[in-house]
Every structure is written in structure tokens, then in C-alpha cells.
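1. Quick one: sequence plus predicted model below, questions after.
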Number of protein chains: 2
Amino acid sequence: MIRRSLIALLAGAALMTASTAQAQTTAQDAAAVQALLDEYAAAWAAADAERLMRLFTDDAEWVNVVGMHWRGKAENQLGHHVFLTTIFRGRPLTLLGVDSVRPVGDEVVVAVARWATGGFTAPDGAPVPASDNRMSLVLRRAPEGLRIAHGANVVIDPVAARNDPAKGPPRD
Amino acid sequence: MIRRSLIALLAGAALMTASTAQAQTTAQDAAAVQALLDEYAAAWAAADAERLMRLFTDDAEWVNVVGMHWRGKAENQLGHHVFLTTIFRGRPLTLLGVDSVRPVGDEVVVAVARWATGGFTAPDGAPVPASDNRMSLVLRRAPEGLRIAHGANVVIDPVAARNDPAKGPPRD
């Protein structure tokens, strides 16, 4: 009986330790993601693709809101540089919130964040209205911190959001 | 001199082994991704969200083309079920190609695939034309194979694609 209690106690202690460690990891990851997104916004505001690329792994891939697919740092730096210094220059980018931060295995963290973006004119001359975007980031743990290994950015359709079947009946 | 040659030879052999192992992993991952996407398409064609969910991890998250964010298997199954059995029923989904398959650490593979989708009517009654989509998948290695831990899907804008600054001058 004593032995069983002791085992239960030890098991409970082990679970608490694991759960505390998990909570600490999650809090640390959340703080690291927040810092990375703050630096992302700062590099964007400075229209500085080279600074932005310091947050990316060398083999990073990026899928932007219109489905362009940039592979590796050279394409990412060129693509981001051209847009940051032309159509996106002066366009505000504001972090609305971090929806989720989740480890996938020991080496990767997946984060989802929402951004508000100002309107701009597309390269073909078409006006693109202001929108909120939902960004998925695959972050690799590196000695220097979390680094972006992959990103995909989607424009949030506000009409569709009111009809999300996974969130209950339509909202006004 | 002999020693130096031997070291060079051994180093070369080690590199070849590593490179062969890497090539095998990549080929195996590419085959596993192709099989997963084939099953994804089959589950879609059968409008069977339960079958689709067998490809997902329990904590999987999904960001669809209009920026809805589904978290965990219950939300994912409900959201996919409602759309598969209503607006997407009978809508063709055809795999156009796998753009990249890339390990991120030992436990995760990131894949990018392109799909052709037929047109449909949105829940608010608006017609949505046929489009090609670019899907980013975060796949976790599991005993039963690769499983979707995160997905984000973006509609490819064909006009924008002709003005991709990372791919050289505009194309017609």
C-alpha cells in the first residue's frame, strides 16, 4: 500500500516535472516567436530584405499571398527586396496576434500569426485593398534561436470567416 | 603522404556514404509524399473527411485558401466534412505536381504541392472560379508513415505569377 502510494507519488511528480518542462518550453517558444515576429516587422518597416533574411535558414522556402514560391535564400532575398522597395514600401504591417505556437518533434516549431497590411498596387497596376493575412511559419531550432525554414501567407477573407463551419453557426 | 591520402580517401568515402544516404532518404520521402497526396486526393474525391483525417496528426492545424484556421482533429474533421459534402462535392481536385520535398531536422518533412481545383459556389453564394492552389505541408515522421501536422493552402494568382521578381523578367 505504501509502495503503491509511493509509486503513484513518484509518477505524479514525474508527470508534473514533464508538464512543467513542457509549459516552460512553450512559454520560451512563445517568447522566441514573438521576438522573431517583432524583428520581422522591423525589417519590413525598414524595407531591408538583407535584415529579414537573417531570420531565414539558407534553404528556406516561402509561398506568398499570391502563391509565388521562392526557394532558398537567394530567391527569397531577391523577391522580398524587390517587393519591399517598391510596392510594399511604406505599406504598414502590424502584428495582430499569434494564434498558435506548437512544437513538431524536438527540432521544429510551427507558429501561426495574423498580420494587418495596408493596401498597395500590384506589379500589373491592379489595386490590392488592405487585408489581414494569416501566416504559417515552420521554425527550425538553431543555436542562434528559431529560424524560418518555411513560410506560407494567406489573405483572410472576412466574408468567409463568418461562415467557418468549424466555428459554429454563421456570425454577423 | 600515404596517411594524408588515406584520410582524404576515408573522408571521401564518408561523404559519399552520407550523400548516398541523403539521396535515399530524399527518394523515400518523395515517394511517401506522393503516396500521401494520392490518398489525399482519393479521400477528397470520396468526400470522406474521416478518411482524410487518417493522414493528419491529432494536433494538426490547417489554414485554408480563405484563411480559416482549424486547430486539432475535431475542428479539421468538421470543417473538411462540411465543405467536402457541400460546396466541394463533385468539384475536381487534381495534383499538378510536387514542387519540393525537404527534411527540416530528423522528424519533419516540408512539402509543397500544386493542385488544380474546379470552380464552386461559396457559402455566401458567391461563385469562386477554378484555380490552381499551392499547398505547404508540414509532415511529421510517424511509425505509420508521414502525417500532416500543419497545412496552408494558397490560391495561385496567374497574373502575379508572370511578375514574380525572383524568377526574372515578366513573362507572357
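-> Thanks, I have it.
2. From A:Val154, how far off is the residue nearest the centre of chain A?
-> With distances taken as CA atoms, centre = their mean, A:Leu137 lies nearest the centre of chain A, 3.9 Å away. In this view, A:Leu137 and A:Val154 are 12 Å apart by CB to CB, to the nearest Å. In short, each C-beta sits where N, CA and C put it, glycine included.
3. can I assume the residue nearest to the centre of chain A sits in a strand?
-> Yes - assessed with DSSP: H, G, I helix; E, B strand; the rest coil, A:Leu137 lies in a strand.
4. contacting residues around it?
-> By CB atoms under 8 Å, 6 or more residues apart in numbering or on different chains, A:Leu137 lies in contact with A:Val33, A:Val110, A:Ala111, A:Val112, A:Ala113, A:Ile148, A:His150, A:Gly151.
5. With secondary structure as extra columns, can I get those in JSON lines?
-> Output for the contacts of A:Leu137, formatted as JSON lines (three-state DSSP):
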{"residue": "A:Val33", "secondary structure": "helix"}
{"residue": "A:Val110", "secondary structure": "strand"}
{"residue": "A:Ala111", "secondary structure": "strand"}
{"residue": "A:Val112", "secondary structure": "strand"}
{"residue": "A:Ala113", "secondary structure": "strand"}
{"residue": "A:Ile148", "secondary structure": "strand"}
{"residue": "A:His150", "secondary structure": "strand"}
{"residue": "A:Gly151", "secondary structure": "strand"}
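6. With neighbour count and distance to chain B as new columns, can those be given to me in JSON lines?
-> Putting the contacts of A:Leu137 into JSON lines (neighbours: other CB atoms under 10 Å in any protein chain shown; distance: CB to the nearest CB, whole Å) gives the following:
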{"residue": "A:Val33", "neighbour count": "21", "distance to chain B": "14"}
{"residue": "A:Val110", "neighbour count": "24", "distance to chain B": "5"}
{"residue": "A:Ala111", "neighbour count": "25", "distance to chain B": "10"}
{"residue": "A:Val112", "neighbour count": "21", "distance to chain B": "6"}
{"residue": "A:Ala113", "neighbour count": "22", "distance to chain B": "11"}
{"residue": "A:Ile148", "neighbour count": "21", "distance to chain B": "11"}
{"residue": "A:His150", "neighbour count": "30", "distance to chain B": "5"}
{"residue": "A:Gly151", "neighbour count": "23", "distance to chain B": "8"}
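7. Just give the closest residue to A:Leu55, not the sequence neighbours.
-> The spatial neighbour of A:Leu55 that comes closest, neighbours along the chain excluded (CB to CB, 6 or more residues apart in numbering or on different chains), is A:Ile148 at 5.4 Å.
8. same question, A:Met53
-> Here the residue nearest A:Met53, using CB to CB, 6+ apart, is A:Gln77, at 4.9 Å.
9. Check the gap between that neighbour and B:Pro92 for me.
-> Taking CB to CB, one finds A:Gln77 at 37 Å from B:Pro92.
10. one step back: I'd guessed the residue nearest to A:Leu55 sits against A:Ala60; true?
-> Yes - counting by CB atoms under 8 Å, A:Ala60 is a contact partner of A:Ile148 at 5.5 Å.
11. low-confidence ranges in chain A?
-> Along chain A, the parts satisfying pLDDT under 70 run over A:1-24, A:169-172.
12. Please, where are all the helices along it?
-> Taking DSSP state H as the criterion, chain A carries its helices at A:2-45, A:49-53, A:72-84, A:158-161.
13. Can you tell me what sits against the shortest one?
-> With contacts defined as CB under 8 Å, 6+ apart, helix A:158-161 is touched by A:Asp132, B:Val66, B:Gly67, B:Met68, B:Ala122, B:Pro123, B:Asp124, B:Ala126.
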